[in-house]
Every structure is written in structure tokens, then in C-alpha cells.
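>>> need the 3D shape of this:
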Amino acid sequence: MKSVPTVDKYMTSHPHTIGVDQPLSLAHKMMTEFRIRHLPVLDGGKLVGVISDRDLKMVESFIDVNSDTTLVSEALTEDPYSVSPKAPLNEVCAEMATHRYGSVLIVDNHKLVGIFTWVDALKALQHLMDSRLKPI
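Okay, the predicted model is just below:
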């Protein structure tokens, strides 16, 4: 039996990020342009949270919200789920499924080094099935 791979094998390295003091309109533009659903949020280079497309849609649905003046800091999720790059893939996926997380931030020595999303999890599943199972 083969060993369980670590999350760093399947994570997206060097993810796009956004500053805490940026407007929601920029977050929305970045997500559209890069075709992503999660942006880690930094404050002076330090990871402080994550903002998702769902967060944006919810906050932007309020009548008095102007996405050009409302800041990412007002919509982010603080203290997001994060793991080491060497965390076992099965444990990360189990935690994501249990808590219905759309992404996991990968942190090494207090520095953001990647992101692992449910899309990455599906790619990992496909790779593992292709490499470890015989077709029926």
C-alpha cells in the first residue's frame, strides 16, 4: 500500500492575494479575471483571513453597500482553516468535508505558501484514482 500524500503535492502554490484595505470591487474583479473563488487576505504581508465569492455576493447584496468604497476588511473571514504543507491529504479533505470548507490556506513558518480548494481536492482524487486503481 502506498503512503498518503501531503497537501503540498496538490495545492495551488503562490495564490493570488488581496490587501485588507482594498475595495470589494477589486476582489470581485480579481476573482473574475483569474477565475478563482477564494482570495487570501493580507495585512502588511501577514495573513489575516480569506474572502470568498460567496462572501462578496452576500455583502454586495445589501442596499447600502458600495463595492467601490467598502473594504475587504468588512467582508473577510478571519482565522480561516490553515494547515502545514506537509499535512496529510486525507486529513485535510476530511476536515474540509466535515466543516464544508471551500478552501484551506497552506502556511509554512507563518507565511502563506499556497491554497487548497475543493477543485484541487477533485484533481487529487482523479490523480490518485488514475495512478492507484485499475479500470474495471
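>>> for Thr98, give its distance to Asp68.
Using CB to CB, to the nearest Å, Thr98 is found at 37 Å from Asp68. C-betas here are computed from N, CA, C, even on glycine.
>>> can you tell me which residues contact the residue positioned nearest the centre of the chain?
With distances taken as CA atoms, centre = their mean, Ser103 lies nearest the centre of the chain, 3.7 Å away. Neighbour list for Ser103: 37-38, 50, 52, 80, 115-118 [criterion: CB atoms under 8 Å, 6 or more residues apart in numbering].
>>> how about Ile36?
For Ile36, the contacting residues are 15-16, 30, by CB under 8 Å, 6+ apart.
>>> show me the shaky parts of the chain.
Along the chain, the parts satisfying pLDDT under 70 run over 1, 133-136.
>>> can you map out the helices along it?
Using DSSP state H, the helices of the chain run over 24-34, 53-60, 89-99, 118-132.
>>> between the ones you listed, which one is closest to His110.
In terms of CB to CB, the element of the helices of the chain nearest to His110 is helix 89-99, at 18.7 Å.
>>> so which bits of the closest one are buried?
89, 92-93, 96 (16 or more other CB atoms under 10 Å).
>>> which among the residues you listed gets closest to Ala75?
Using CB to CB, those come closest to Ala75 at Met96, 21.4 Å.
>>> list the contacts of the nearest residue to Ser25 once chain neighbours are set aside.
Spatially, and ignoring its direct neighbours in sequence, Ser25 is nearest to Ser67 (4.2 Å; CB to CB, 6 or more residues apart in numbering). Contacts for Ser67 were tallied using CB under 8 Å, 6+ apart; they are 23-25, 28, 56, 60.
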